[in-house]
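K.L.:
Just the structure for this:
(chains A and B)
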Amino acid sequence: GAVVSQHPSWVICKSGTSVKIECRSLDFQATTMFWYRQFPKQSLMLMATSNEGSKATYEQGVEKDKFLINHASLTLSTLTVTSAHPEDSSFYICSAQDGELSYNEQFFGPGTRLTVL
Amino acid sequence: KQEVTQIPAALSVPEGENLVLNCSFTDSAIYNLQWFRQDPGKGLTSLLLIQSSQREQTSGRLNASLDKSSGRSTLYIAASQPGDSATYLCAVKRGSNYKLTFGKGTLLTVNP
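P.N.:
Below is the predicted model:
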């Protein structure tokens, strides 16, 4: 159980275009989902926390107008990178948490490799 | 601000060795600590989760300990195998806001 999927697994796009990444919890309802970014040989950096039906909470330094997050249902959150630029190229990973208790385990998706040309 | 440090950054051992990975954190007020495994270009696989009230957790050849007061955790891997080669990440959940703070990881290579 506790499987999280991401789609697509990789994407290449031209500079200036927008890219949408989906994160789904397949066998549980995720009241909270998280979006992370990971640069090569670096650790994961939290970008934003997404709660179903409410606006996402962004970490300091993350542009909310550039990284649009929608958590429309208890099993789906989307991250849209708008007007992507080469510096947005990175590995984006989502995670999902079952329930509202703070100690609940986060389950991670397989990640999406974004390359902006 | 919580900071998580993992030592060593990289480790290479021969197959069969027992090994210890270290994780330290600056703020001892944590809810839990998790150890993850990440294979190249892949997502994270949760290995062990230790609640703040627990001292250790075991799963197969893995044992993780937690000493909250000193801000340390160790991941012990027994009888290492080449398939254990991966990056191991330590992360702490701070407070009630569900955030995980990650260390930079330890890159483990187990040589046949």
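
K.L.:
just the helices in chain A please.
P.N.:
Secondary structure of chain A (DSSP state H): no helices present.

K.L.:
and chain A, which residues reach chain B?
P.N.:
A:6, A:32, A:34, A:42-46, A:49, A:91, A:93, A:95, A:97, A:102-103, A:105-111, A:113 (Cβ under 8 Å from any Cβ of the partner chain). (Each C-beta comes from the backbone N, C-alpha and C, glycine too.)

K.L.:
Mind checking which of those residues are in strands?
P.N.:
A:6, A:32, A:34, A:44-46, A:49, A:91, A:93, A:95, A:97, A:106-108, A:113 (DSSP state E).

K.L.:
Just the buried ones from these, in PyMOL syntax?
P.N.:
Selecting only the buried entries of those in PyMOL, with 16 or more other Cβ atoms under 10 Å in any protein chain shown as the criterion:
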select buried, chain A and resi 6+32+34+44+45+46+49+91+93+95+97+106+107+108
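
K.L.:
any idea which of the ones in strands among the residues of chain A next to chain B is closest to A:V19?
P.N.:
A:R113 (11.2 Å; Cβ to Cβ).

K.L.:
Mind picking out the helix or strand in the chain with the poorest mean pLDDT?
P.N.:
I went with chain A, as the question did not name one. strand A:106-108 (a mean of 88; mean pLDDT, DSSP states H and E).

K.L.:
oops, I was thinking of chain B
P.N.:
Sorting the helices and strands of chain B by mean pLDDT, DSSP H and E puts strand B:99-102 at the bottom, at a mean of 88.

K.L.:
From the contact counts, what lies against it?
P.N.:
The contact analysis (3 or more Cβ pairs under 8 Å, 6 or more residues apart in numbering or on different chains; DSSP states H and E) places strand B:99-102 against strand A:44-51, strand B:86-94.

K.L.:
between the ones in strands among the residues of chain A next to chain B, which is closest to B:A86?
P.N.:
Distances from B:A86 to these, taken by Cβ to Cβ, are shortest for A:F108, at 13.9 Å.

K.L.:
unless I'm mixing things up, that closest one is touching B:Q34, no?
P.N.:
No. When contacts are counted by Cβ atoms under 8 Å, A:F108 is not listed as touching B:Q34 (10.2 Å).

K.L.:
any residues in contact with both of the two?
P.N.:
B:S46 (Cβ atoms under 8 Å, 6 or more residues apart in numbering or on different chains).
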